[in-house]
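S.K.: 3D, please:
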Amino acid sequence: MSQSLAKQVSILTESLGQTDAASKSSRVEGLQALAKRLSFPKQHIGAIHDALIFILAYPSDEKERRIAQRGLRRLTTFIRKQTSSWRESFSNTGLPFTPINTRFTHDAVRWLLHQNGCKESLDTFANATLDLNDVLKLTLPSLERSETTAGLENIALLDTLKVPLSDRLKFIIHELGRLDHEPFIKDHLYEGLGVYIKIHPVSNQWSRAQNYLAVDHIYTHHELVKRVDPMAILHAPLPSHESLTADSKEKIIKVIKNTMILAVRETDPTTYMDEHSLRLFHLERGVSVAIYTMIPERQLALESYVGYTAFKNGLPVAYGGSWVFGGRANFGINIFPAFRKGESSFVMAQLLMVFIQVFRLTYVEVEPYQFGYDNPEGIASGAFWFYYRFGFRPIDKHLNQLAHQEAVKIKAKPGYRTPPRILRQLATDSIGLKLTEHKQIGVPVITARTTRLMQRKYNGHREKAENNSREKFIVSMGLSYPQNKHEDQMLTEVAMWAEAMDVHMTTQRNCLAAMIKLRPKDVYSYQEKIREFFSVSDH
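M.R.: Modelled structure (predicted):
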């Protein structure tokens, strides 16, 4: 039976992404056999699960989808009946009823503690650079601070403070929450503790297979689009984003956040999401894209880190983000492994279309890690050519010439594959997609000019430089000092920008002044104002 199942699994996984009649027939036959099983050998469970969720994202028809759903129900029931030690062997896989044992940031864990479907507990402290005494002496009520001076180990300190075992994670999260007004100090302290948590699912809803958006229509695939015409897609009309109710927005946010937790990953825009910035676009072939940025406390200097989650028929298939600054952006994409036999190029094109059209980008850059630098998987997959087919080209002229030579070989010699040593060489610098001839400057240029200004004019006295720049900008523009700390921070940034880049044009300075209020509350209007600034400037 085991050998027969191994063959069924092999046939099923090999047929994924294939739409010819023979592949579909063997896939359906394998699905029907799996949907009848009452038990599953351990070594096949991961492959079976990922094949089933792939089919839910890319069904060839409704029948295939229904059989995959039955198979998942059988698999879920089987896993639920196993012992906790058996399920422990699938830790961090996101399979139903299997635990997650990892580290997340303070804010991510705090969000988790308020969710249904799972329970969280403190697992251990590992690779710590601080102990609880160091941290709790900054947060405990004054009458208890003396307990932190006895040099107790972490667990002994919690015992002394009478914190029940079941409440220890909540206690640590609550105590660090007292430092929310200093978020980066809070992060540093929490990270220093080396807190590892364990997530125990108590519902089958807490799993990758059940974490999806409800969609009105399931798109079925008579064929899979493997190659695309990027420019045709990038310039296709972008539909309006969905008008979200408070309830629907809450559900979407939960799916987005759970997507990362179930994958044991974390991105800043997901953890620190500004819920008001969330937009959801329903696109072609069952693709939906959610974009969102961060709350003011977590925003970067000048640019906006905009995250995204891509869905296929409601299932999360990719995540990543873009660092947007006016008409230019850096971009990164991660396709989840279970879905890489699908329409990755098409999904990538849809993502780029959303970002390019929402933010009216004229230049998109991808950093080397995405296609191979210090990333063996990127080299093995030849990811460089994935981007090259979209029109991305090496910024370095010598690497650009090398890429062109390789492209000629690929076209002239069927079956030719670029050697890994050349792919590693190509991955030593960024690649860019130019949509117009004009290439706007990026934040690093402003940063470098600011550093030179501080050294040349203020002898390295940064506080003096900031205060003088702020005062000059306020006076020259006839503004009042902001009462809001987020606007106050933005005032400092635009004032330094104005002085370092020698901005004198009234139109440009008005744009900078407007950014002060726009930045904390509306990423889309803020980025529009940056584009307006550069539309009248060649700086």
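S.K.: per-domain residue ranges of this protein.
M.R.: Listed by automatic domain parsing, the domain ranges of the chain are 2-85, 100-201, 230-434, 443-535.
S.K.: could you tell me the least trusted of those?
M.R.: Of all the domains of the chain, domain 2-85 carries the lowest average pLDDT, namely a mean of 90.
S.K.: hmm, back to that, could you dump the domains of the chain to JSON lines with mean neighbour count and distance to Glu223?
M.R.: C-beta coordinates here come from the backbone N, C-alpha and C atoms, glycine included. Output for these, formatted as JSON lines (neighbours: other Cβ atoms under 10 Å; distance: least, Cβ to Cβ, whole Å):
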{"stretch": "domain 2-85", "mean neighbour count": "17", "distance to Glu223": "5"}
{"stretch": "domain 100-201", "mean neighbour count": "16", "distance to Glu223": "36"}
{"stretch": "domain 230-434", "mean neighbour count": "18", "distance to Glu223": "10"}
{"stretch": "domain 443-535", "mean neighbour count": "17", "distance to Glu223": "36"}
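S.K.: export those domains to JSON lines and tack on distance to Asn211?
M.R.: Formatted as JSON lines, the domains of the chain follow (distance: least, Cβ to Cβ, whole Å):
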{"stretch": "domain 2-85", "distance to Asn211": "10"}
{"stretch": "domain 100-201", "distance to Asn211": "10"}
{"stretch": "domain 230-434", "distance to Asn211": "5"}
{"stretch": "domain 443-535", "distance to Asn211": "26"}
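S.K.: compare those and give me the one nearest Ser91.
M.R.: For Ser91, the closest of the domains of the chain is domain 100-201, at 5.2 Å, according to Cβ to Cβ.
S.K.: first-to-last residue distance for the closest one?
M.R.: 9 Å (Cα to Cα, to the nearest Å).
S.K.: pull the longest helix from the chain.
M.R.: helix 62-81 (DSSP state H).
S.K.: can you list the helices and strands that that one packs against?
M.R.: helix 21-35, helix 42-57 (3 or more Cβ pairs under 8 Å, 6 or more residues apart in numbering; DSSP states H and E).
S.K.: ok, and what's touching that helix?
M.R.: Helix 62-81 is touched from outside by 24, 27-28, 31-32, 34-40, 45, 48-49, 52-53, 55-56, 59, 87, 90, 95-98, 204, 207, 209, 218, 220, with contacts defined as Cβ atoms under 8 Å, 6 or more residues apart in numbering.
S.K.: same thing with stretch 225-245?
M.R.: Stretch 225-245 is contacted by residues 248, 252, 278-283, 285, 343, 345-346, 349-350, 352-354, 356-358, 389-391, 435 when judged by Cβ under 8 Å, 6+ apart.
S.K.: isn't Tyr308 up against Ser322?
M.R.: Yes. Tyr308 is within contact range of Ser322, at 7.4 Å (criterion: Cβ atoms under 8 Å).
S.K.: which neighbours do those two share?
M.R.: What both Tyr308 and Ser322 touch, as defined by Cβ under 8 Å, 6+ apart, is the set Phe355.
S.K.: mind checking which of the domains of the chain is nearest Leu213?
M.R.: Comparing the domains of the chain under Cβ to Cβ, the one sitting nearest is domain 230-434, at 4.2 Å.
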